[in-house]
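Colleague: Using only what follows, build the 3D model:
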Amino acid sequence: MARFDSFACIDWSGAKGPLQRGLAVAVCEQGSAAPTLVAPPDRYWSRATVLDWLLQQADRGADMLIGLDLSLALPFVDAGAYFPGWDASPSSAKPLWQMVEELSAGDDHLAASGFIAHAEIARHFRQQGLCGDLFGTGRGRLRLCESGGQALIEGISPYSCFNLVGAAQVGKSSLTGMRVLHRLGSAIPIWPFDPLPSSGPVIVEIYTSIAARTAAVLPKGRSKIVDGDTLDRVLAQFGSDPHLPLVQGYNDHATDALLTAAWLRLIGNEARYWHPSKLDSHVALTEGWTFGVL
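Modeller: As a prediction, the model looks like this:
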């Protein structure tokens, strides 16, 4: 299926503030030319300017596969609901995105503090100095693509979206990302919540560590790159030419975006990645799936 001719990765951030050092956008075209970073309109990207960039891709009808490094929904399948026992718990992902947006309407910079401050919702989250009584034990609840997919990949250890504590947590990024997804509306189809269209851009969830581990270059237990030589070794595994030196310096946000854009180019037009064995219609509507997990 030669569907996409360009590929992008957005390394996301759930941090506070108007500009995010942790946001990076990389793109590449079909072929072997190395991915390049997209320059932000300001010193750094903000979540709002990334949203604007996404809408620009929709306006120009780019046949672009866009990977967002965040979880596109909360766990649902394991307990039959996002928030079991609460009558107002959304029935699927898109109403969940709308709820995150509405409860966080007072938060600047597309933050999601208002959502997790809600009395019923807070019971399910582990926050700094506060663990909700319904969070559960250990790492917390996982989606099927995490417990039955990511966790089976060597070197990958997924964390629950309900955990908002620690350097490895993904909850804040995911919730802020849900506000962006809601604001996109129908501008860009988001797989697998929307069917794959015959043309135009498509957004998928990606996990940059999966791409890094796939290259089999990094030592066991390591998935981050902060130097150009290692980045080029990984890119070569994905059939990519060496990258242009990063004049702004190397950090794992930029390198994650670059290597994952090249990885998406490698696998994005392979039909099998669009048909994971455990992805049925119920999972697709409620939890979504991490692209690249079979």
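Colleague: next SSE after the top helix by length along the chain?
Modeller: Ranked by residue count, the top helix of the chain under DSSP state H comes out as helix 252-267. With elements assigned by DSSP states H and E, the helix or strand that comes after helix 252-267 is helix 281-286.
Colleague: quick one: buried residues of that next one?
Modeller: V283, A284, L285, T286 (16 or more other Cβ atoms under 10 Å). (Each C-beta comes from the backbone N, C-alpha and C, glycine too.)
Colleague: what sits against the third one?
Modeller: Residues in contact with L285, defined by Cβ atoms under 8 Å, 6 or more residues apart in numbering, are S92, A93, F193.
Colleague: 6 Å instead, please
Modeller: S92 (Cβ atoms under 6 Å, 6 or more residues apart in numbering).
Colleague: cool, the last one as well?
Modeller: T286 makes contact with F76, S92 under the criterion Cβ under 6 Å, 6+ apart.
Colleague: Which stretches in the stretch 51-200 of the chain count as helices?
Modeller: 93-103, 113-117, 119-122, 144-147, 171-184 (DSSP state H, counting those that start in this stretch).
Colleague: Can I get these in a markdown table including mean pLDDT?
Modeller: Shown next, in a markdown table, are the helices of the stretch 51-200 of the chain (pLDDT from 0 to 100):
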| stretch | mean pLDDT |
| --- | --- |
| helix 93-103 | 98 |
| helix 113-117 | 97 |
| helix 119-122 | 98 |
| helix 144-147 | 91 |
| helix 171-184 | 97 |
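Colleague: Dump those into TSV; add mean neighbour count and distance to D232 as well.
Modeller: Shown next, in TSV, are those (neighbours: other Cβ atoms under 10 Å; distance: least, Cβ to Cβ, whole Å):
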stretch	mean neighbour count	distance to D232
helix 93-103	19	37
helix 113-117	18	40
helix 119-122	15	44
helix 144-147	23	30
helix 171-184	23	27
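Colleague: Make TSV from the ones you listed and add distance to G239 to it.
Modeller: Output for the helices of the stretch 51-200 of the chain, formatted as TSV (distance: least, Cβ to Cβ, whole Å):
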stretch	distance to G239
helix 93-103	33
helix 113-117	41
helix 119-122	44
helix 144-147	26
helix 171-184	29
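Colleague: And these: which comes nearest P75?
Modeller: P75 lies closest to helix 144-147 among the helices of the stretch 51-200 of the chain, at 8.0 Å (Cβ to Cβ).
Colleague: and the closest residue to F162 other than its chain neighbours, how many residues sit next to it?
Modeller: Leaving aside its sequence neighbours, F162 sits nearest to G140 (Cβ to Cβ, 6 or more residues apart in numbering; 4.6 Å). G140: 20 surrounding residues under other Cβ atoms under 10 Å.
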